Structures are given as structure tokens and as C-alpha cells.
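Engineer: Everything below, folded, please.
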Amino acid sequence: MKKHLPLFVVALCLPVMLLAAEPVTSPSKAVILPEGMSHPDGMTVHPATGDIILAVPTIGDKGAAWLLRIDADDKVSKYFELPVHPETGRVTPLGISFGPDGNLYIADSQCLGGNPNHKSRILRVVHENGRPVRCEVVVTGIVQANGLEIHNGKIYVAETQIDPAIVEMPMTSGVFCFEIAELTGPRPLRVMPYGRDPHFIFRFQTTDEERDGEWQVGANGIGLAKDGTLYVANFGDKKVIEVKLDASGKRVVSNRDCNDGKGPHESVDGLKVCPKGYIFFADYAGNSVCVMNPKNGKTILLAKNALNPDATQKTAGALDRCSEVCLRGTKLYAANIDLETPDAPHTVSVIDLEGIDFDALLK
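Structural biologist: Numbering: from 1, shown residues only. Presented below is the predicted three-dimensional model:
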């Protein structure tokens, strides 16, 4: 049976060097989420306060979804309640990022929420005086919006599949690019289907040949380096794709696989690029967190836990089908979305990076 994520929850490479799959460290603690907040995913750091804003999508159930705040002391509070899609009754926030306008942009993955028929959207939570006040829909017609990042006034969004029905592998996915400045009309911008829209700037295919198409998941996490280089997760093929853009940020100049799917990981989910250019990513399939040097493809296992940890293990920080990471200072936060056995407590694992010499490990 193909192990794709269920709908209701659903150039040349440089030499790749492999390490033995022994984790460098382990999570040091867990951020325990309030009751009912069961599938944490997208995270971003608030540019003014330094708080982590965490998206908790509704998956399987109808109803509104919450954005939570994790403060400097890892205390959790409610930040903003997202209204539901008027047709589906659900809202499924995944990737989130603040724009230069001070507003928060969100990938609402209605496909993961249960409806793959071009119902996914990009939402904008408008902020006034630094506080969220209302939610607007700015883009519609996407199949499965996923990772989202912003650079120089442009929103980059992973489209995990361009076809609502995945009949067979290979499957096509890719990346949209929208100018924030164009999202000001009285009605949302609606994209053309099947990758035909001019905002769809990059496409690729996922085969998962090694596992006979077991993981039918394409473009997932997205990260941006300081110079605007885009990194896209190819979940099923276990690859990170480096995408070079022209000066406009809207046209692909070149792309390459950084690691050719090789490494101690079983998938590439949500990712973030650190100031030194290293890529931290969640490995949902392998229940681990890894870090990669895109210059040489070297990937190391940062932390890993066995599947289905019990409540005591989760409370202590164990990873539980993590899907997204977020860097804040010397700590890496990993959201445990746990789509398969979502039992309490629901957590975000915290990994302390202090004292780890990544330059030496990844050279």
C-alpha cells in the first residue's frame, strides 16, 4: 500500500559524503501545547518580539485553527484564531512567514484538510501596531499549499501536487512566487490550475524509485538563504533542491540537487536555512532532524527518536513525526505534527545547538 500522507490529515551535484546514522544530540525538552492543539506545524519568529508563532492546523476535524505564541521562556499562549474556509469548514495553516509590511502570510493547505480540489489558499493576517487584527484571503485555487517563505517582497509557496488526483508516479509539484504588492485587489488572486499559472515559476517531479512510490509527497518545505537562493524540499525523493533566481526573484536561472537523496534521512519536510547557509530540516518519515551543507551535500543526523513515543517520552522532548523546524538563537524547535497516531501530549521538541561545531561536522 502506498504510504502517501492521507488527504484527511494528508545539473550536476557535488560529491555526497555520508556519515554513520548516529545522532549528534537529542532534544533537551518539550514545549507542551494546550489541550486540543493536536497537529503543530509551521513556525516563524516574530520580527519585533522574538516570539515563535506556531500554526496548529485542523486536520480531519472541521472548525477554526489557532496560531500560538511561544515566548522567550517557552511559555505558550494563543495568538490569533484563523477563520474557516466558507466552503470546506476547515482551515489548515502550514507554512507561515512575516512580510516586510508587518503582516503574517500563511499557506492554508485545504488538501491536507480533506479537499484537494483547488481549495488551498494564501491567507494574510493583518497586523496593526504589531498586533493581529483580521484575516484576509489573498490567493485561491492552489491544490496543496505547503512551505512558505518571503524574500524582498515576494512570497514563495510550495505546491506539493499540481494535480488533485495522484494516479501514479512520477508526480509533479513546484513553487509559486507572488509579489506582495500585487495582492491588494478587492478580490483574491485566483491561480490557473495544473501549473499553467505565470506565478508557477519552478516545477519538478518526484519518483521515490527506491521505495516504489511509497511516499507520494513532492514539494514541501521551503527555505531562503541571505542572498535569495531558494531551497526546496522534495519529500518523497529525500532531496533538497537548490534554486538560483535572477535579479527579479521571479525567474529560475538554474537548479540542482544538493544531495541526490543520499544521507541518514528518509524524507525532507520543513526546512530552514541558518545564517551560515546550513540547512536544518525535519525528516517526517524517519522521525528525525537533520542538517545539511548544501555546498557539498553532506548531511548529518542531528536528533532522532523511535516512532510512537509514549507520553513520558514526549513530555521529555522526544520527536513525534516532526514536520517543521524553526531556529531561535541557539535553539532549534521541531514541530511534532504526528499525523498517524496523534495522542496527547502534543508537543514541539527543543534541541539545544550550543557548543555543536557544525563547521567541523559539515566540512
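Engineer: going forward, measure contacts between C-alpha atoms and count neighbours the same way
Structural biologist: Noted.
Engineer: CA atoms only: put the worst-scoring helix or strand of the chain on mean pLDDT into CSV for me.
Structural biologist: When the helices and strands of the chain are compared on mean pLDDT, DSSP states H and E, helix 110-113 comes out lowest with a mean of 91. Coordinates of each C-alpha in helix 110-113 appear next as CSV, following Å, rounded to 0.1, in the frame of the first residue of the first chain:
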residue,chain,number,x,y,z
GLN,A,110,-7.1,22.6,2.3
CYS,A,111,-5.8,19.4,0.6
LEU,A,112,-4.3,18.2,3.8
GLY,A,113,-7.5,19.3,5.5
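Engineer: Next secondary structure element downstream of that helix?
Structural biologist: Using DSSP states H and E, the next helix or strand after helix 110-113 towards the C-terminus is strand 120-128.
Engineer: got the CA coordinates for that next one in CSV?
Structural biologist: Output of strand 120-128 as CSV, limited to C-alpha atoms (Å, rounded to 0.1, in the frame of the first residue of the first chain):
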residue,chain,number,x,y,z
SER,A,120,-6.0,25.8,-0.9
ARG,A,121,-5.2,29.5,-0.3
ILE,A,122,-2.7,32.0,1.0
LEU,A,123,-4.0,34.0,3.9
ARG,A,124,-2.8,37.3,5.3
VAL,A,125,-3.2,38.1,9.0
VAL,A,126,-3.2,41.9,9.0
HIS,A,127,-1.3,43.5,11.9
GLU,A,128,-1.9,46.9,13.4
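Engineer: quick one: buried residues of it?
Structural biologist: Ser120, Arg121, Ile122, Leu123, Arg124, Val125, Val126 (16 or more other CA atoms under 10 Å).
Engineer: Which strands or helices does it pack on?
Structural biologist: The criterion is 3 or more CA pairs under 8 Å, 6 or more residues apart in numbering; DSSP states H and E, and the helices and strands that strand 120-128 contacts are strand 104-108, helix 110-113, strand 131-142, strand 145-151.
Engineer: partners of the third one, with directions?
Structural biologist: Strand pairing for strand 131-142, determined by DSSP bridges: strand 120-128 (antiparallel), strand 189-190 (parallel).
Engineer: May I see these organised as a markdown table, with distance to Gly317 and mean pLDDT added?
Structural biologist: As requested, the strands paired with strand 131-142 are arranged in a markdown table below (distance: least, CA to CA, whole Å; pLDDT from 0 to 100):
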| stretch | distance to Gly317 | mean pLDDT |
| --- | --- | --- |
| strand 120-128 | 30 | 98 |
| strand 189-190 | 41 | 98 |
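Engineer: Columns distance to Glu340 on top of the ones you listed, output as JSON lines?
Structural biologist: Conversion of these to JSON lines gives the following (distance: least, CA to CA, whole Å):
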{"stretch": "strand 120-128", "distance to Glu340": "22"}
{"stretch": "strand 189-190", "distance to Glu340": "32"}
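Engineer: for these, which one sits closest to Lys226?
Structural biologist: With respect to Lys226, and counting by CA to CA, the nearest of those is strand 120-128 at 23.5 Å.
Engineer: who's in contact with the closest one?
Structural biologist: When contacts are taken as CA atoms under 8 Å, 6 or more residues apart in numbering, the neighbours of strand 120-128 outside the stretch itself are 102-111, 132-145.
Engineer: which among the residues you listed end up buried?
Structural biologist: Judged by 16+ other CA under 10 Å, buried ones among these: 102-111, 132, 135, 137-145.
Engineer: if we can go back for a sec, tell me the one among the buried residues of strand 120-128 nearest to Gly261.
Structural biologist: Taking CA to CA as the measure, Gly261 sits nearest to Ser120 out of the buried residues of strand 120-128, at 28.4 Å.
Engineer: Pairing partners for Leu245 in the sheet, please.
Structural biologist: Here Leu245 shows beta-bridge partners Val252, assigned using DSSP bridges.
Engineer: how far away is it from Leu230?
Structural biologist: Counting by CA to CA, to the nearest Å, the gap between Leu245 and Leu230 amounts to 8 Å.
Engineer: which of the two has more neighbours?
Structural biologist: With neighbours defined as other CA atoms under 10 Å, Leu245 and Leu230 compare such that Leu230 has more, 22 against 18.
Engineer: That one: what's it in contact with?
Structural biologist: So Leu230 contacts Ile222, Gly223, Leu224, Glu242, Val243, Lys244, Leu245 (CA under 8 Å, 6+ apart).
Engineer: My impression was that the second one belongs to a strand - is that right?
Structural biologist: Yes. Note on Gly223: a strand contains this position according to DSSP: H, G, I helix; E, B strand; the rest coil.
Engineer: Pull the contacting residues for it.
Structural biologist: Remark: with contacts taken as CA under 8 Å, 6+ apart, Gly223 is in contact with Glu149, Leu230, Tyr231, Val232, Leu271, Lys272, Val273.
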